[in-house]
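*Asks:* The sequence isn't on hand, but the structure is:
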């Protein structure tokens with residue numbers, strides 16, 4: 001079972017940037033698509049971004065497209081989420097997740113497509 005540990009969350013003002021990181025254990029990190037999800041208070045967990053195993057394909061939620069960027073370093077077993085131009089509606093707990101496939105597919109944008117999750121890191125954007 002892979003372990004995923006997120007870091008980098010915090011309290012920032014509107015328009016600021018944050019970079020989240022997720023460190024994965026094990027030797028199979030480079031085999032799988034990795035994703036980021038978020039959950040705001042009183043709301044369901046929602047998809048944010050995903051990156052294929054090789055890093056060649058990305059997929060973003062419309063709400064973050066153009067502001068967020070997902071990247072990975074397979075040599076270091078890490079995946080990052082660069083978040084720019086943050087808005088109050090970006091406030092949530094952000095979760096790193098490992099998909100059940102190497103590429104992007106119909107399940108990439110849904111929680112059902114992922115089998116391992118981190119504990120989450122809080123991002124709060126203050127106006």
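*Replies:* That came in fine, so what should we check first? The model shown is predicted, which means the values in this text are computed figures rather than measured ones.
*Asks:* How many residues are close by the residue nearest to residue 123 when sequence neighbours are not counted?
*Replies:* Leaving aside its sequence neighbours, residue 123 sits nearest to residue 9 (Cβ to Cβ, 6 or more residues apart in numbering; 4.8 Å). (Glycine included, C-beta is placed from N, CA and C.) Residues lying near residue 9 (other Cβ atoms under 10 Å) number 18.
*Asks:* Residue 9 against residue 125, yeah?
*Replies:* No. Here residue 9 does not reach residue 125: they are 10.9 Å apart, not a contact under Cβ atoms under 8 Å.
*Asks:* Show me the shaky parts of this protein.
*Replies:* Scanning the chain for pLDDT under 70 picks out nothing.
*Asks:* what's near enough to touch the residue nearest to residue 123?
*Replies:* Residues in contact with residue 9 (Cβ atoms under 8 Å, 6 or more residues apart in numbering) are 18, 20, 93-94, 121-123.
*Asks:* likewise residue 6?
*Replies:* Shown in contact with residue 6 (Cβ under 8 Å, 6+ apart): 20-22, 94-96, 118-121.
*Asks:* switch the cut-off to 10 Å
*Replies:* Shown in contact with residue 6 (Cβ atoms under 10 Å, 6 or more residues apart in numbering): 20-23, 36, 79, 81, 93-96, 117-122.
*Asks:* Identify the contacts common to residue 9 and residue 125.
*Replies:* With Cβ under 10 Å, 6+ apart as the test, residue 9 and residue 125 both reach 18, 83, 92.
*Asks:* can you pull up the bridge partners for the second one?
*Replies:* Listed by DSSP bridges, the beta-bridge partners for residue 83 are residue 18, residue 68.
*Asks:* How is the residue nearest to residue 94 when sequence neighbours are not counted assigned, secondary-structure-wise?
*Replies:* Distance criterion Cβ to Cβ, 6+ apart; nearest residue to residue 94, sequence neighbours excluded, is residue 38 at 4.8 Å. Under DSSP: H, G, I helix; E, B strand; the rest coil, residue 38 falls in the strand class.
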